[in-house]
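S.K.: dropping a prediction and its sequence here:
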Amino acid sequence: MSTLSGKHRRLHAKAAPKRTQGAVRAPLVLLVLVGALALGFILFQSSPSLRKAAVLEMAEIAGDVAEGYMVDSRPVEVGQIGDVVYQATGIANTQLIPTSEGYVVFDTGLSIQGAKQKRLLEEAAGSGPITHIILSHSHQDHVGGVSFWLEEESEIVAHREFAEEQRYLKELEPYFWTRNRRLFPWMPEEPPSGGPLEFGKVVPTITVSGEESLAFEEGGMRFEVIPTPGAEGADNLCLWLPDQKILLSGDFFGPIFPQFPNIFTMRGEKTRKPIEYIRSLDRLIALEPEIVIPSHLEPVYGREEIKAAMTRMRDAVQYVHDSTVEGMNAGKTVHKLMEEIQLPPELELSQVHGRVSWGVKSIWEYYATWFHHDSTTELYPVPVRGLYADLVELAGPDALLARGERYLTAGDAVEALHFSEIVLEGQPGSRPGLELRRDALAELLERARATHQNAFELGWLDSRLDETRAALGGGES
């Protein structure tokens with residue numbers, strides 16, 4: 001799939017400095033200091049325009065500080081796509097569409113980059129009244145800059161389910177934040193509280209849902225907001241520019257196009273509905289877009305290429321769904337189906353974001369919930385892990401470790417990992433147990449890098465391996 005970078009003209013660029021992950025604690029302190037300076041400055045301003053300018057300036061400073069501690073951060077750059085859309089890149093992209101009557105914004109990036117994205121977009125495309133802020137879904141990296149763009153007359157357009165998705169993500173923010181930091185270690189220790197960087201304050205003024213699109217015209221341009229649930233959640237929507245054949249897709253396709261979608265996300269959240277996603281794909285396939293502009297990474301060009309890729313994604317999800325249902329009806333266990341179900345060669349897709357085996361488990365539990373009917377113990381709050389210490393006492397750690405090493409030598413790293421966890425539950429801090437866990441994790445990490453290269457799997461394994469090496473004394477490798 002080509003991205004034709006020559007058509008995506010870069011107008012501004014500033015490379016983000018890189019730091020090691022060991023420096024991840026610094027941003028919190030610095031952000032607190034910057035936030036205090038911002039608050040003190042704003043309190044002395046009487047004009048709303050001056051207050052907003054102060055917020056933007058301080059937010060950009062805070063963002064620059066945070067960016068300095070990110071590993072492989074994507075720089076904020078502005079380019080023009082298809083002559084009508086300006087895009088500011090970053091961890092997530094912000095799109096600005098100028099018309100003769102005002103400006104339409106699609107997604108607003110992460111809060112720590114939103115202020116810079118806004119400034120650079122206005123330098124490139126000019127400024128004027130913001131008539132619509134259209135949000136593809138409620139994730140922080142797509143709504144973080146709303147307050148920077150919002151004006152008194154602006155309409156905030158979102159899916160009808162946006163408020164509910166934002167609500168549960170906000171209520172569980174401490175829980176999800178901890179999980180996210182395992183995968184994105186540059187995040188500060190605590191979520192921002194108060195001020196423009198805080199999550200969970202967006203209130204849509206117009207909502208869309210069901211099969212009904214929202215169509216409007218501005219400055220001679222036609223816009224169509226299409227509800228597309230099932231991708232990044234129940235509140236997903238896309239923006240279609242029918243005259244230009246441009247689809248602004250948000251996270252509907254994920255960060256890589258095409259790819260197997262994230263029906264399940266390791267960081268946590270509700271399971272996405274596979275049949276909803278298939279129906280939404282059918283709807284977008286029928287549009288036959290010539291350009292797809294995602295809210296992560298680069299735009300994609302070519303009507304036939306895009307149609308073929310979307311069709312393959314739809315057929316792959318349908319195949320995994322149908323194979324899972326067939327296996328459930330045949331009485332196979334979820335773990336057996338996770339092992340068996342693979343995409344046929346004609347439907348092969350990148351699994352950098354979503355994994356087929358995880359999709360199988362998500363579909364299973366979406367339909368049949370957490371009780372697999374494998375064991376009566378599933379019904380009670382005593383996991384098998386609660387008996388690991390007894391197993392160590394009965395079998396002895398040496399025998400368990402020897403069996404784990406045998407599995408590892410045979411290439412069965414997951415089985416070896418199980419035995420390391422049994423030993424460590426019975427003998428926390430056991431050096432041989434930690435060494436077995438380290439070696440099993442290292443084998444799984446090498447295998448993941450050599451196969452699907454799934455970003456979430458790699459992040460998790462890296463995190464667990466770092467923890468294990470630290471427990472062994474930090475110098476282990």
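M.R.: Yes, it's here.
S.K.: where do the helices sit along the stretch 301-450 of the chain?
M.R.: Using DSSP state H, counting those that start in this stretch, the helices of the stretch 301-450 of the chain run over 303-329, 334-340, 356-368, 388-395, 397-409, 413-426, 431-450.
S.K.: P98 is nearest to which of those helices?
M.R.: Smallest distance to P98 across the helices of the stretch 301-450 of the chain (CB to CB): 24.6 Å, for helix 303-329. The C-beta positions use only the backbone N, C-alpha and C, and glycine is treated the same way.
S.K.: let's have the helices of the stretch 301-450 of the chain in a markdown table, adding distance to Y175.
M.R.: Formatted as a markdown table, these follow (distance: least, CB to CB, whole Å):
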| stretch | distance to Y175 |
| --- | --- |
| helix 303-329 | 28 |
| helix 334-340 | 25 |
| helix 356-368 | 19 |
| helix 388-395 | 25 |
| helix 397-409 | 31 |
| helix 413-426 | 22 |
| helix 431-450 | 24 |
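S.K.: how about those in a markdown table, adding distance to D282, mean neighbour count and mean pLDDT?
M.R.: Formatted as a markdown table, these follow (distance: least, CB to CB, whole Å; neighbours: other CB atoms under 10 Å; pLDDT from 0 to 100):
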| stretch | distance to D282 | mean neighbour count | mean pLDDT |
| --- | --- | --- | --- |
| helix 303-329 | 7 | 18 | 97 |
| helix 334-340 | 25 | 16 | 97 |
| helix 356-368 | 18 | 20 | 94 |
| helix 388-395 | 47 | 15 | 96 |
| helix 397-409 | 45 | 17 | 98 |
| helix 413-426 | 37 | 21 | 97 |
| helix 431-450 | 32 | 19 | 97 |
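S.K.: of all the ones you listed, which one is nearest I226?
M.R.: Here helix 303-329 is closest among the helices of the stretch 301-450 of the chain (CB to CB), at 13.7 Å.
S.K.: run a quick neighbour tally on A330.
M.R.: Burial measure for A330: 9 neighbouring residues, criterion other CB atoms under 10 Å.
S.K.: repeat that for T205.
M.R.: When neighbours are defined as other CB under 10 Å, T205 has 11 of them.
S.K.: list the contacts of it.
M.R.: E155, I156, V157 (CB atoms under 8 Å, 6 or more residues apart in numbering).
S.K.: if I look at L436, how far off is V392?
M.R.: Applying CB to CB, to the nearest Å, the value for L436 to V392 is 13 Å.
S.K.: check V356 too.
M.R.: The value you get for V356 to V392, if CB to CB is used, is 35 Å.
S.K.: do V76 as well
M.R.: For V76 relative to V392 (CB to CB), the value is 52 Å.
S.K.: repeat for A410
M.R.: 22 Å.
S.K.: centroid-wise, who is the farthest residue in the protein?
M.R.: Most distant from the centre of the chain: L394, at 43.8 Å, with distances by CA atoms, centre = their mean.
S.K.: out of the helices of the stretch 301-450 of the chain, which gets nearest to L172?
M.R.: Shortest separation from L172 across the helices of the stretch 301-450 of the chain is recorded for helix 356-368, at 18.4 Å, computed as CB to CB.
S.K.: helix 303-329 and the closest one, what's the angle between them?
M.R.: 60 degrees (axes from the mean of the first three to the mean of the last three CA atoms, to 10 degrees).
S.K.: what does helix 356-368 rub up against?
M.R.: Against helix 356-368 from outside (CB under 8 Å, 6+ apart): 260-261, 263-264, 266, 271-274, 317, 320-321, 323-325, 328, 334, 337-339, 341-343, 372.
S.K.: same question, stretch 435-442
M.R.: The contact list for stretch 435-442 (CB under 8 Å, 6+ apart) reads 401, 404-405, 408, 413-414, 416-417, 419-421, 423-424, 461, 464-465, 468-469, 472, 476.
S.K.: hmm, back to that, now the contacts of T205 as JSON lines including distance to S362 and neighbour count?
M.R.: Shown next, in JSON lines, are those (distance: CB to CB, whole Å; neighbours: other CB atoms under 10 Å):
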{"residue": "E155", "distance to S362": "34", "neighbour count": "15"}
{"residue": "I156", "distance to S362": "30", "neighbour count": "20"}
{"residue": "V157", "distance to S362": "29", "neighbour count": "24"}
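S.K.: so which of those belong to strands?
M.R.: Taking DSSP state E, the ones among the contacts of T205 that sit in strands are E155, I156, V157.
S.K.: quick revisit: shared neighbours of L436 and V392, which are they?
M.R.: Shared contacts of L436 and V392, defined by CB under 8 Å, 6+ apart, comprise V423.
S.K.: test my guess that R403 contacts F419.
M.R.: Yes: under the criterion of CB atoms under 8 Å, R403 makes contact with F419 at 5.8 Å.
S.K.: returning to what we had before: how far away is the residue farthest from the centre of the chain from A442?
M.R.: 29 Å.
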